[in-house]
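Student: I'd like to go over a predicted model; first the sequence, then the structure.
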Amino acid sequence: MEDRFGYGAIVRAMRPEEREEMLGLLLEAVAGEMPAGAEEEPPEACPRCGCPRTVRRGRDADGAQ
């Protein structure tokens, strides 16, 4: 696919300072669209019992997660 008029061509035509500014603007836009807490790592263990192996969206035979 030839990229004569696409985003790649636009970026290649920019000066380095313009590219850096564009990158900053894009990162801000993406960060603004992410839900709160999305950048956090998932917990290492179950917050209730501390077990390192958790079952997501599921329960065992006793009804516990």
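Tutor: Yep, it's here.
Student: where in this protein is pLDDT low?
Tutor: Counting by pLDDT under 70, the chain contains low-confidence ranges at 1-3, 36-43, 54-61, 65.
Student: quick one: contacts for Ala64?
Tutor: By CB atoms under 8 Å, 6 or more residues apart in numbering, the contact set of Ala64 is empty. Where you see a C-beta, it was placed from the backbone N, CA and C, and this is true even at glycine.
Student: I'd like the numbering to begin with 57 instead of 1 from here.
Tutor: From this message on, residue numbering opens at 57, which makes the last subject Ala120.
Student: check the gap between it and Ala101 for me.
Tutor: According to CB to CB, to the nearest Å, Ala120 and Ala101 sit 15 Å apart.
Student: Val67 too?
Tutor: Using CB to CB, Val67 is found at 43 Å from Ala101.
Student: next: Tyr63.
Tutor: Distance, Tyr63 to Ala101, using CB to CB: 42 Å.
Student: of these two, who's got more company?
Tutor: Ala101 (11 against 8; other CB atoms under 10 Å).
Student: quick check: closest non-adjacent residue to that one.
Tutor: Pro108 (4.8 Å; CB to CB, 6 or more residues apart in numbering).
Student: what sits against the one you found?
Tutor: Pro108 sits next to 100-102 when contact means CB under 8 Å, 6+ apart.
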